[in-house]
Every structure is written in C-alpha cells, then in structure tokens.
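K.L.:
generate a structure from the sequence data that follows.
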Amino acid sequence: MSAPITHLLDGETVTAVAGEVWSALVGEEEYLVPGYGLDGPPVAGPSAWVTVTGPWNGLVVLTCDQAGTADLTRSVLQMRADEEATEEDVDDVLRELANILGGNVKSLLPGPSVLGLPETGAAPLRASDEDTCRVAASWRGHHLAITIQGATEAPVFTTEVPL
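P.N.:
Numbering: from 1, shown residues only. Below you'll find the predicted structure:
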C-alpha cells in the first residue's frame, strides 16, 4: 500500500489541477476561486466521483452546492441562461468534470493506476483525515469541494456486463 494521499498531494496542487480543468471544460473566462473556507461546513449538494485503483486506492469527489449545478451545467453545455438543465444534463456534466479531475489526479499518483467509471449521488463516506485532501472553492458565488480521499476498503470491480 502506498502512503496516504496527504503525503502524495497537497491542496495547492489539487487547486492548480482543478483550475486548469475548470478553464478547459467550463470556459477560459470562467475562474475557480480557491479557498472560500476550508474550515466551514461541508458543501451540501450533488456529488460525482471516480475511483482510482493502484498503489493508492481512493476516490476523487466533486461536490457542488445545489444552486450552482444548473448554472454549471448551462455553462459547460453552452446553453442559454433561460434554458432548463435536466437532471440527466446535470449528472452528465458532474460525471465528466469528476472524470477529468480524476484522470489528472491519477497522473500525479504512483502508478500504474486505473480510473473507474464516474458515478453521481450523495458523496461517499470519507476515509481518515490523514488520507483525505479537501479543496474548497467557489465559482460565480457557488460553493464546491474537491476531495481526494482514500478508500475505506479496496474498490470492487466486476467483469460482468449488464444485459
């Protein structure tokens, strides 16, 4: 087993990666503002995550406040401000952001590693604080968090293909 994530990555590195992903996917003129309050309450809203399996096992989780998800979806999908973002659109955008963030984080970790498929829902339970790197940020006044967290147990993969 590898060292905890806090020995492999720091918040500054995660913030830099997130800023690059944000600029590329959300828009060049869209800025992710780091650190709205790391000691504040956790972000309440939908999450998307991907697993990383290799010498370090864990999750890369993106959580956005509920009010920001529709704005984020409209921005990424280049929708008009008056267009309604569907729940499927929101899930797709959150999964894509988590997938790209996860791929960038994976490239910084000891390898070889495998990235799982992105999922959405309530944020997964966190591992110990020693194996968690959390970055808080805001975008257009909406709060979000990016959490790189160790798996409480090794992720389980199956080779079965659903019918």
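K.L.:
which helix or strand contains the residue nearest the centre of the chain?
P.N.:
Computing the C-alpha centroid of the chain and ranking residues by C-alpha atoms, centre = their mean puts L62 first, at 2.7 Å. Remark: L62 resides in strand 58-64, with elements defined by DSSP states H and E.
K.L.:
next SSE after that strand?
P.N.:
Criterion used, DSSP H and E; the element after strand 58-64 is helix 66-76.
K.L.:
partner strands of the lowest-mean-pLDDT helix or strand in the chain, with direction?
P.N.:
Lowest by mean pLDDT, DSSP states H and E among the helices and strands of the chain is strand 33-34, with a mean of 85. Using DSSP bridges, strand 33-34 pairs in its sheet with strand 132-139 (antiparallel).
K.L.:
just checking, what packs against the next helix or strand after the partner strand?
P.N.:
For strand 132-139, the succeeding helix or strand toward the C-terminus, using DSSP H and E, is strand 142-150. Strand 142-150 is packed against helix 5-8, helix 11-25, strand 58-64, helix 66-76, strand 132-139, with contacts defined by 3 or more C-beta pairs under 8 Å, 6 or more residues apart in numbering; DSSP states H and E. The way it works is simple: take the backbone N, C-alpha and C, and place the C-beta from them, glycine included.
K.L.:
hey, C-alpha coordinates of the fourth one in CSV?
P.N.:
Meaning helix 66-76. The C-alpha trace of helix 66-76 is given here as CSV (Å, rounded to 0.1, in the frame of the first residue of the first chain):
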residue,chain,number,x,y,z
GLN,A,66,-27.4,22.6,-5.3
ALA,A,67,-27.9,26.1,-6.6
GLY,A,68,-24.8,26.0,-8.7
THR,A,69,-25.3,22.8,-10.5
ALA,A,70,-27.8,24.2,-13.1
ASP,A,71,-25.5,27.2,-13.8
LEU,A,72,-22.5,24.9,-14.1
THR,A,73,-24.4,22.6,-16.5
ARG,A,74,-25.6,25.5,-18.7
SER,A,75,-22.1,26.8,-18.9
VAL,A,76,-20.4,23.5,-19.8
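K.L.:
okay then, goodbye and thanks.
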